[in-house]
Each structure stands twice: as structure tokens, then as C-alpha cells.
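show me the folded form of this:
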Amino acid sequence: MKASCALFLAVTLLASASTAWADDDLKQYAGDVLSCAPLHRTATVSSVQDGETSFKTALTNGMTTMATSDVMNKEFAVYPTNADGKKLSFWHDIPLFPNNSDSEYIVNFVPEIPKGTLGKMEIIKGVESNPIMFDTKDVKDSEGNVLYTRPRYTAYGPYPRTYGAVPQTWENSEDPDPETGITGDNDPIDAFDIGTAVPPIGYPYQAKVLGALGLIDDNETDWKLVLINTMDPNAANYNSVEDVPEDLMDELFVYNRDKPTAVGEPQSVFWPNMTSSYDPTVWVGAEKALEIIKHANQQYTDLFGDCAKVKEMEFSYAGCA
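Residues are numbered from 1 along each chain as shown. As a prediction, this is how the structure comes out:
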């Protein structure tokens with residue numbers, strides 16, 4: 001391992017144990033460690049294989065993915081493109097359900113943060129074509145003046161499973177969620193892929209719905225779907241979260257519960273009991289998770305059918321340009 005990579009990992013471990021930082025960002029120089037392959041991945045391929053596990057692509061009709069740079073900095077962006085090279089949107093142009101699936105429990109999944117990485121990458125709703133980019137943080141002086149902007153990293157530690165979003169969904173930030181009774185977080189629905197293969201950032205593929213975790217964050221509903229890559233060896237064996245090994249489910253629960261504690265904040269709480277204590281009812285199975293997905297898709301459809309509302313929300317959408 002290069003010395004810079006070792007230093008980066010050492011700082012990460014220290015950050016995970018410290019409560020002295022103001023937020024869950026790593027120090028500025030962490031954004032300059034650009035050569036640590038396990039921490040930084042590009043998305044310039046149209047097909048991927050990882051050992052015996054591959055991905056069933058969600059890219060159709062000549063679509064591919066394009067990274068603006070091989071350097072992982074705050075300008076780095078990944079887009080889908082059509083056969084002519086025109087930029088498309090992960091949020092709007094990747095369908096929720098694959099056209100070639102014979103099961104309604106198969107959805108398309110957009111990986112934003114590969115397993116084992118730290119960078120807080122996400123679909124940027126307000127930027128043209130909604131690329132995947134770093135979430136960023138303004139660094140200010142003692143008088144509140146912005147000194148510079150830097151990429152954000154999680155202080156708790158690497159993501160235990162690949163994390164991303166399900167396209168053409170929206171957790172409504174104005175109306176209560178029908179399950180939790182609490183408004184949504186204004187984002188596409190988040191999801192973890194529990195499969196073993198690690199995709200490049202932004203390579204969308206098909207995944208099977210297994211369940212969901214009802215995280216309540218800052219008094220907003222923030223569902224965390226549990227999916228599995230359809231090409232994973234265990235995909236045929238898992239039909240709901242009840243089929244998944246208990247230690248794996250514990251891993252997801254603990255990560256989501258304890259991540260805020262790395263920066264001195266309380267543990268996360270979960271619906272329906274609104275506590276951080278573990279209870280089997282924090283998980284919903286595949287059938288209920290599919291209902292949640294379909295509701296979020298309807299909320300998305302309603303929102304993006306109203307261009308005045310889209311502009312009010314400051315979302316970028318070619319259909320309302």
C-alpha cells in the first residue's frame with residue numbers, strides 16, 4: 001500500500017473514533033489522496049464482472065456511462081449517455097422496472113457508493129442531467145466566510161455494502177409517508193445491494209427487492225431498501241429479508257444506527273418504535289418494500305408532471321427545461 005493511502009486509512013480510523021469534529025467529513029487533504037484504488041473507483045465501462053458474479057445491466061438502446069475524469073475530486077461526475085453521446089439522467093432516464101423482467105420484484109439500481117469506500121457520492125438533483133458527484137462541504141473561517149469547498153467522506157468507516165438509489169422514485173418532502181406518517185427526505189429512495197460483487201460508480205444494474213429499513217433522520221422518512229444483485233449466487237435463495245443471514249442484517253442495522261455517533265451525534269432511530277433499539281419490526285419484507293417503492297414512484301410521477309413544482313423544488317429535469 002502506498003504511504004499516502006496508509007495515511008488516509010489511518011486518518012479514517014481516527015475519525016471514526018473521534019467525536020471532536022464538527023461533522024462527518026474527513027480532513028481536506030483526504031480529497032487529494034487520489035491513487036487509493038479501493039477507495040476511488042471510476043465508471044467508464046459498459047460491462048463488469050467480479051469473479052463469478054456479474055451484473056445484468058440496466059443500460060439499454062446503446063446507453064453507456066461516462067466519467068468526466070479519472071481523478072476523484074469534487075468536479076468528478078458520472079453520467080449515463082445515449083448512443084449519440086448525449087448526457088442522460090440516472091434519476092429520470094433509467095426506468096424503475098426493467099422491461100425484460102418477469103418479476104415485479106426486480107428493479108433497476110444505481111450504485112453511488114461502492115462497498116468498502118468512503119466518498120459521499122450521490123445523484124445531484126439540481127445539476128443538469130443529475131450526475132453522480134461528491135456531496136460537498138463549505139469550509140468556513142471563524143467569521144463564517146467560505147474558505148473553500150471540499151468533497152465529503154464518512155467518518156464512521158467504509159460502507160459495508162454497495163449503496164445507491166432506485167431511479168424514478170421520490171420520497172415526498174411535503175406529504176406524510178403512508179407507512180411512517182412522517183414526510184420524506186426529498187430524495188430518490190436509498191438502497192443497499194447485499195450482493196458480493198462491487199460495481200463501478202454509476203453502473204446501473206438489476207436487483208431483487210428483499211425488504212426495507214425505516215430510518216427516521218432529522219424527523220424525515222429515509223427508507224433504506226435491501227436489494228440483491230440478480231446475478232449474485234444467493235439471489236435465487238433470498239426472496240425476503242427473512243431469508244438473509246442474521247449477521248448480514250445486523251451489519252446493515254448497526255451501520256445505519258451508529259454512523260452518526262462517529263461525529264458525536266445520537267444513534268439513529270427507526271420506525272415503527274422511534275428508538276435506536278433493535279426490534280425485528282424495524283424490517284419490512286419484500287411485499288411491503290415493493291409497496292413503498294411503488295408509492296415513491298407515484299410521488300415521482302406526480303411531481304415531474306408538474307413543471308411549476310419541479311422548478312420550485314429546484315430540480316433539474318429535461319422535461320421541464
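
could you use CA atoms for every contact and neighbour count after this?
Will do.

in this structure, what residue spans correspond to helices?
3-17, 246-258, 286-304, 307-313 (DSSP state H).

and the last one, what does it pack against?
Counting contacts by 3 or more Cα pairs under 8 Å, 6 or more residues apart in numbering; DSSP states H and E, the secondary-structure elements packed against helix 307-313 are helix 286-304.

mind listing residues that contact the helix it packs on?
Residues outside helix 286-304 that contact it (Cα atoms under 8 Å, 6 or more residues apart in numbering): 96, 105, 168-172, 188-189, 209-212, 225, 239-241, 309-310, 317.

returning to what we had before: let me know which of the helices of the chain is tucked in deepest.
Ranked by mean neighbour count, the helices of the chain are led by helix 286-304 with a mean of 18 (mean count of other Cα atoms under 10 Å).

C-alpha coordinates for that helix, PDB please?
Coordinates of each C-alpha in helix 286-304 appear next as PDB, following Å, rounded to 0.1, in the frame of the first residue of the first chain:
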ATOM      1  CA  ALA A 286     -40.300  -7.800   0.100                       C
ATOM      2  CA  GLU A 287     -44.000  -7.300  -0.300                       C
ATOM      3  CA  LYS A 288     -44.200  -4.200   1.800                       C
ATOM      4  CA  ALA A 289     -41.000  -2.800   0.400                       C
ATOM      5  CA  LEU A 290     -42.400  -3.100  -3.100                       C
ATOM      6  CA  GLU A 291     -45.400  -1.100  -2.000                       C
ATOM      7  CA  ILE A 292     -43.100   1.500  -0.600                       C
ATOM      8  CA  ILE A 293     -41.200   1.600  -4.000                       C
ATOM      9  CA  LYS A 294     -44.400   1.900  -6.000                       C
ATOM     10  CA  HIS A 295     -45.700   4.700  -3.800                       C
ATOM     11  CA  ALA A 296     -42.400   6.600  -4.200                       C
ATOM     12  CA  ASN A 297     -42.700   6.100  -8.000                       C
ATOM     13  CA  GLN A 298     -46.200   7.500  -8.000                       C
ATOM     14  CA  GLN A 299     -44.900  10.500  -6.000                       C
ATOM     15  CA  TYR A 300     -42.100  10.900  -8.500                       C
ATOM     16  CA  THR A 301     -44.600  10.700 -11.400                       C
ATOM     17  CA  ASP A 302     -46.900  13.300  -9.900                       C
ATOM     18  CA  LEU A 303     -44.100  15.700  -9.100                       C
ATOM     19  CA  PHE A 304     -42.400  15.600 -12.500                       C
END
